[in-house]
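K.L.:
take a look and give me a structure for this.
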Amino acid sequence: MSLDLWLSLFVICLLGAMSPGPSLATVTKHTLAGGRLNGLAAAWAHSIGIGFYAFITVIGLAVVLHKSEVLFVTISLCGAGYLAYLGYKSLTSTDGIASTLEKGEAVSIKQSAKEGLLISLLSPKIALFFIALFSQFVAVGESTAAKATVVMTPLIVDGLWYTFITLVLSSPIFLERLRNKGKLIDQISGVVLIALAVRVVWQNVGYL
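P.N.:
Alright, predicted model coming up:
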């Protein structure tokens, strides 16, 4: 996998992790209620779930590509539509990324890890996101090393992002800055996701 392609993967994985939703709310809840260790437990357990989804998506798309190129293109285009939808939601969001930050009840570190893992494994939106995202990378990454890179990148990016969130939430000053920049983050995410959707469609135009 080329550096340019990997950077594209990295940026999209980061934007996906940054998107407000139940994952952010869960990590936030455990950080604010239980402390830094609880937040880190929830963050990295969540990333393991992300890695699992990434793995089964890469394997599944590789099989589809091998069996039917037309079906693969169809899935890719459906995924592009979903990315465009996510981008539109980000652009039209009335609240910033920090709007989902809410306090929760104190729990054990084990419980934090369990909830972090389940919130990723039980989210169908994550599966849809990976189908949309990976369709453009699976086709060019036939080697085992390339597939491993595609799987490990979202796992590590997700874990590091929520580690950052956990550390930020330990400092009221940084939390306020994140809240103030929330709308801008949403807008940037929206533009990039829509651009990626257009790129996926463009890459598959030749097969239409």
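
K.L.:
next SSE after the worst-scoring helix or strand of the chain on mean pLDDT?
P.N.:
Ranked by mean pLDDT, DSSP states H and E, the helix or strand of the chain with the weakest confidence is helix 172-180, at a mean of 63. Downstream of helix 172-180, the first helix or strand assigned by DSSP states H and E is helix 182-204.

K.L.:
mind giving me the packing neighbours of that following helix?
P.N.:
Applying 3 or more CB pairs under 8 Å, 6 or more residues apart in numbering; DSSP states H and E, one finds that helix 182-204 contacts helix 3-18, helix 69-91, helix 124-138. In short, each C-beta sits where N, CA and C put it, glycine included.

K.L.:
report the inter-axis angle for the second one versus helix 3-18.
P.N.:
Looking back up the chat, that one is helix 69-91. Inter-element angle recorded for helix 69-91 and helix 3-18: 50 degrees (by axes from the mean of the first three to the mean of the last three CA atoms, to 10 degrees).

K.L.:
now helix 69-91: average pLDDT?
P.N.:
Helix 69-91 comes out with an average pLDDT of 74.

K.L.:
please apply the same query to the last one.
P.N.:
Summarised as a single mean, pLDDT over helix 124-138 is 70.

K.L.:
longest helix of the protein?
P.N.:
helix 36-67 (DSSP state H).

K.L.:
which of the residues in that one are buried?
P.N.:
With burial defined by 16 or more other CB atoms under 10 Å, the residues of helix 36-67 counted as buried are 38-55, 57-58, 60-62, 64-65.
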